[in-house]
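S.K.: Need coordinates for the following:
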Amino acid sequence: MGVSKQKAVENRKAIIAASEKLFREHGIDGVGLSALMKAAGFTQGGFYNHFESKEALAAEVVATAMGKANGDLKEMIAAPIEPDANRLTRQVDFYLSGAHCSDIEQGCAVAGLTADVRRLGHEAQLHFASGLQTMFETLAALVAEQRAQTGDAEDEARREAIAFYSQMVGALILSRAVASADPRLGEEILDANRQSLLTNFAQDAGQGER
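M.R.: Below is the predicted model of the structure:
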């Protein structure tokens, strides 16, 4: 008896979800098809019923992960906030927290996949770049809102958003890289960058009030 179209779609999604977790933890080259399919609950022989190659799977994993990351970012930004609070500082506090740093499987897709993307095929790289562009656009709009920037300041807001996000991702990647060998250093990296970004936001807010 064959598998229904709906069940085939569900199985495909299960493979993508399991693959994303393993790719984040071990790297794309560090996971074989047997391990991928076992984690998804299937036999290795069924892989090619869903994907032409591991490269094709990787492209879909990147697309799915970046789509979810952008959805999560927009949802977090839209969440209610206290009157005296700041959405940018809330994002920094969350992103550079110890809990987020340790959540490799469910945390930031950009930090989790960046090291592998340059070795993947063109389609996966396009998905990653497109997802990153969307993140920058979302954050640039937030920066402009927080800084009360409009019109000619649009490019400035985008540059600031790119720098802001790049610093957070870099700090998270470095902290994760040393967390097992030197946990205190990992925490120090997160704290140093968190304080740097929060100080920058506070100074800008002060300048805006003058």
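S.K.: which parts of the helix or strand bottoming out on mean pLDDT in the chain are buried?
M.R.: Within the chain, no helix or strand scores below helix 183-209, which has a mean of 81 by mean pLDDT, DSSP states H and E. Neighbour counts over helix 183-209 (16 or more other Cβ atoms under 10 Å) mark 186, 189, 190, 193, 194, 197, 198, 200, 201 as buried. C-betas here are computed from N, CA, C, even on glycine.
S.K.: For that helix, which helices and strands make contact with it?
M.R.: helix 87-95, helix 98-102, helix 122-147, helix 154-178 (3 or more Cβ pairs under 8 Å, 6 or more residues apart in numbering; DSSP states H and E).
S.K.: Residue 63 is nearest to which of these?
M.R.: Nearest to residue 63 among the helices and strands packed on helix 183-209 is helix 122-147 (4.0 Å), distances taken as Cβ to Cβ.
S.K.: rewinding a little: ok, which of the helices and strands packed on helix 183-209 comes nearest residue 55?
M.R.: helix 122-147 (7.4 Å).
S.K.: quick one, that closest one and helix 154-178 angle?
M.R.: For helix 122-147 against helix 154-178, the angle by axes from the mean of the first three to the mean of the last three Cα atoms, to 10 degrees is 120 degrees.
S.K.: For helix 122-147, the averaged confidence score.
M.R.: For helix 122-147, mean pLDDT rounds to 93.
S.K.: Determine the angle, from 0 to 180 degrees, between that helix and helix 87-95.
M.R.: Counting by the same axes, to 10 degrees, helix 122-147 lies at 130 degrees to helix 87-95.
S.K.: Which secondary structure elements does helix 122-147 sit against?
M.R.: Taking 3+ Cβ pairs under 8 Å, 6+ apart as the contact cut, helix 122-147 packs with helix 54-78, helix 87-95, helix 109-117, helix 154-178, helix 183-209.
S.K.: quick one, it and helix 109-117 angle?
M.R.: Using the same axes, to 10 degrees: helix 122-147 against helix 109-117 is 150 degrees.
S.K.: hang on, the earlier thing: can you tell me which of the helices and strands packed on helix 122-147 is most buried?
M.R.: Each of those was scored by mean neighbour count; the highest is helix 109-117, a mean of 20, by mean count of other Cβ atoms under 10 Å.
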